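3D, please:
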Amino acid sequence: MNEPTLTIGEVARQAGLRSSAIRYYEDIGVLPRPERTHGHRRYSSRVFQQLAFIQLAQQAGFSMAEIETLVSGFDENAPLGVRWRTLAEQKLSELEVLISRAQGMKRLLEEGIRCQCLNLDECIPLAAGRCV
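Numbers count the residues shown, from 1 in each chain. This is a model prediction of the structure:
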């Protein structure tokens, strides 16, 4: 295991974050609290993997509460797939709804491009695909 030698400022600079973001991640439980030396936080290089996971999960649309569940809300003796199953099934359901909405928006925009209506009042049936 890597010896914890990095300060919060060094981690923040290298990760492209503010120190306050790192403290926030610790406070809400998505990042484990580091060791302290003379009252100062000291991180191992493993923190960069943890921060990369947090950023990836955020970009994928997970809330901080969901990320906290992903990183620490399970029995650590269970395989990863088992630990994540419930949250994954819930998130997949949410994604299906989001995909359906996006597909509806895409259809509306595609129909709008072909629409020959002169004003929006005539185009209201566009949503049902009946624009003339």
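
what is the mean pLDDT for the biggest helix by length in the chain?
In the chain, taking DSSP state H as the definition, the longest helix is helix 80-114. Across helix 80-114, the average pLDDT comes to 86.

I'd like the distance from it to the chain centre, please.
Distance of helix 80-114 from the chain centroid (Cα atoms, centre = their mean, to the nearest Å) equals 15 Å.

what's near enough to touch the residue nearest the centre of the chain?
The centre of the chain sits closest to Gln58, judged by Cα atoms, centre = their mean, with a distance of 1.9 Å. Taking Cβ atoms under 8 Å, 6 or more residues apart in numbering, we find Gln58 in contact with Met64, Ile67. Every residue, glycine included, has its C-beta placed from N, CA and C.

Just the pLDDT for it.
Gln58 is assigned 91 on the pLDDT scale.

Can you list the buried residues in the longest helix of the chain?
Within helix 80-114, the residues scored as buried using 16 or more other Cβ atoms under 10 Å are Arg83, Trp84, Lys91, Glu111.
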